[in-house]
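> Coordinates for the following, if possible.
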Amino acid sequence: MRLRPARLAPLPLLLLALDASPRAHARQAPACTLVGADSLTSVPGRPFQALPSADGCHLFVSLNPATPGQVAGVAVLAVTGGALRLQRVVPTPQPPAGMALSRDGAVLVATHDAGASLFRVDALVRGDEALIGRIPDKPGAGRVYAAISPDDALLLLADERARSITVVDFSRARTPGGAAASVLGAIPTGDLPIALTFSPDGRWLFTTSQRVPDTRSWPVVCRRLGSLDPADPPAQVEGAVLVVDVALARTDPARSVVRTVRAGCNPVRLVLSPDGTRAYVSARAENALLVFDARALAAPGDTASPLLGRIPVGTAPVGVAVTPDGRRVLVTNSNRFAFNANDRQSVSVIDAARVGEGDRAKVGEIPAGAFPRELRLHPDGRTLVLTNFASQTVQLVDLARLP
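This next block holds a predicted model:
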């Protein structure tokens, strides 16, 4: 079954506001909804990620300049009459990438290359001075993603080029003047750590590394990074899912990785099912979605393979999201290596009940723009939000229209 493109043709950018843990947005009924809205909104830059406010009335979008006149910063978009309206762009020191919203909805964290900035959400919305503080720079870190623990105590920053995850005392960092002395240490990883996903109980952190540490004797089975030619010879080992003991990350981050599991060629994003029992991982260099038993992943010493399925999707998948009922998984076919603003790519729709059936688990596709990157769920629970990075657009899609 395919979603008929004619119904979605006007939507070059799919804005999917899906959290790795949909329950994070279930604490209160949203004041603003986007139910039934299928729309496309242009933004003044390349949108990396979009996060909704806790009440659903605003979206915060990290923007990378595409032209000399554009500003690097966090765009504030208001939800008005079921549509999006740009209010302002708050500058950041370098182009921002991944963001995180505190569980109480009061603080927004935006990463930017070597550092990260903390903003008061209410001030962002009003247009007042919003900066709380900046996490000390880590030169050459290449910070791309951020995540806040379920108890709002820890902030984790994925330092892609530094092969580590910085651990921050978030309770201290969010206080006036506290950010400068809030770093607790670093978790060692393999090359290019990206995903930062907490288990529902906050005990474990799952992260991805596109290449495992050099000390591991895994076979060389993957093509070089960026290769899209199946005929290219293998040049690197598989990437991995690393499991971190969060309690140890607070006190002894250098020893907090408790398990490393092979996870295909260049794994990037990882999200959990709503019940926390499955982990969905996009393997960019093999054009596939990998499905793991999350409980087995977090079982140190267990030698059984936790892999439940491998599903072929489109070219170079990146973003992954799960619908609130857990029945559908969405994967952006991003092909970041083409990077043409006029490209038209797609989002694959996977039937979660059929993940062991390979290609037959794919039940539809949603048209998207160029380099569809990040997916999120709006607090109304029924609207998906996706950022099309190269198209400079944000798009809303009604979940009821999924196959």
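> Poorly predicted segments of this protein, please.
Counting by pLDDT under 70, the low-confidence segments of the chain come to 1-28, 214-216, 228, 302-303, 338-339.
> burial count for Q236?
Using other Cβ atoms under 10 Å, the number of residues around Q236 comes to 20. For the C-beta atoms, the positions are set from N, CA and C on the backbone; glycine is no exception.
> for T251, that is, sorry about that
T251: 12 neighbours (other Cβ under 10 Å).
> quick one: it from D169, how far?
When Cβ to Cβ, to the nearest Å is applied, the distance between T251 and D169 equals 12 Å.
> And for N342?
The spacing between N342 and D169, counted by Cβ to Cβ, is 45 Å.
> And A235, by the same measure?
In this view, A235 and D169 are 40 Å apart by Cβ to Cβ.
> who's more crowded, those two?
Between A235 and D169, counted using other Cβ under 10 Å, D169 has the larger neighbour count: 18 against 12.
> Pull the contacting residues for the nearest residue to the more buried one once chain neighbours are set aside.
Take D169 and drop its neighbours on the chain: the residue closest to it by Cβ to Cβ, 6 or more residues apart in numbering is S182, 4.7 Å away. Contacts for S182 (Cβ atoms under 8 Å, 6 or more residues apart in numbering) come out as 135, 155, 168-170, 172-173.
> So which of the residues you listed is the closest to L396?
Comparing the contacts of S182 against L396 with Cβ to Cβ picks out L155 as the nearest, at 28.7 Å.
> List the contacts of that closest one.
Applying Cβ under 8 Å, 6+ apart, one finds that L155 lies in contact with 100, 109, 116, 135, 146-149, 167-170, 173, 182.
> give me the element F119 is part of.
With the criterion set as DSSP states H and E, the secondary-structure element containing F119 is strand 115-120.
> Off-centre distance for that strand?
Distance, stretch centre to chain centre, for strand 115-120: 18 Å (Cα atoms, centre = their mean, to the nearest Å).
> Describe which strands that strand pairs with in its sheet and in which direction.
Based on DSSP bridges, the strands next to strand 115-120 in the sheet, each with its direction, are strand 107-112 (antiparallel), strand 131-135 (antiparallel).
> CA atoms only for the helix or strand just after that strand, dumped as CSV, please.
Downstream of strand 115-120, the first helix or strand assigned by DSSP H and E is helix 121-126. Only the C-alpha atoms of helix 121-126 are listed here, as CSV (Å, rounded to 0.1, in the frame of the first residue of the first chain):
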residue,chain,number,x,y,z
VAL,A,121,11.8,29.6,26.7
ASP,A,122,9.4,32.2,28.0
ALA,A,123,11.9,35.0,26.9
LEU,A,124,12.4,33.4,23.5
VAL,A,125,8.6,33.6,23.0
ARG,A,126,8.3,37.2,24.2
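> Which elements pack onto helix 121-126?
Using 3 or more Cβ pairs under 8 Å, 6 or more residues apart in numbering; DSSP states H and E as the contact criterion, the secondary-structure elements in contact with helix 121-126 are strand 58-64, strand 73-80, strand 107-112.
> mind checking which of these is nearest V394?
Among the helices and strands packed on helix 121-126, strand 58-64 sits nearest to V394 (Cβ to Cβ), with 6.4 Å.
> CA-only coordinates of that closest one in CSV, if you can.
Presented in CSV, the C-alpha positions along strand 58-64 are these (Å, rounded to 0.1, in the frame of the first residue of the first chain):
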residue,chain,number,x,y,z
HIS,A,58,5.7,27.6,19.2
LEU,A,59,8.4,25.8,17.2
PHE,A,60,12.1,26.4,17.8
VAL,A,61,14.1,25.8,14.6
SER,A,62,17.9,25.7,14.5
LEU,A,63,19.0,27.6,11.3
ASN,A,64,22.2,27.3,9.3
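> can you list contacts of that strand?
Contacts of strand 58-64 with the rest of the structure, by Cβ under 8 Å, 6+ apart, involve 15, 17, 43-53, 70-79, 84, 87, 89, 95-99, 101, 108, 110, 124-125, 385, 387, 389, 394.
> chain center to that strand: distance?
Centre-to-centre, strand 58-64 and its host chain are 14 Å apart (Cα atoms, centre = their mean).
> partner strands of that strand, parallel or antiparallel?
When DSSP bridges is applied, strand 58-64 pairs with strand 46-52 (antiparallel), strand 73-80 (antiparallel).
> ok, and for that strand, which residues are buried?
58-64 (16 or more other Cβ atoms under 10 Å).
> before we move on, what about stretch 29-37?
Applying a neighbour-count criterion of 16+ other Cβ under 10 Å, one finds 30, 32-34, 37 buried in stretch 29-37.
> how long is that stretch from one end to the other?
Its start and end residues considered, stretch 29-37 measures 18 Å (Cα to Cα, to the nearest Å).
> just how off-centre is that stretch within its chain?
Its chain's C-alpha centre and that of stretch 29-37 lie 22 Å apart, by Cα atoms, centre = their mean.
> cool, and stretch 82-96?
18 Å.
> what's in contact with the one helix or strand T166 maps to?
With secondary structure defined by DSSP H and E, T166 is part of strand 164-169. The contact list for strand 164-169, computed with Cβ under 8 Å, 6+ apart, reads 135, 138, 141, 143, 153-159, 182-189, 193, 196, 207, 244, 249-250, 253.
> Which of the residues you listed are buried? Put it as a PyMOL command.
With 16+ other Cβ under 10 Å as the criterion, this PyMOL line picks the buried residues out of the contacts of strand 164-169:
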select buried, resi 135+138+141+143+153+154+155+156+157+158+159+182+183+184+185+186+187+188+189+193+196+207+244+249+250+253
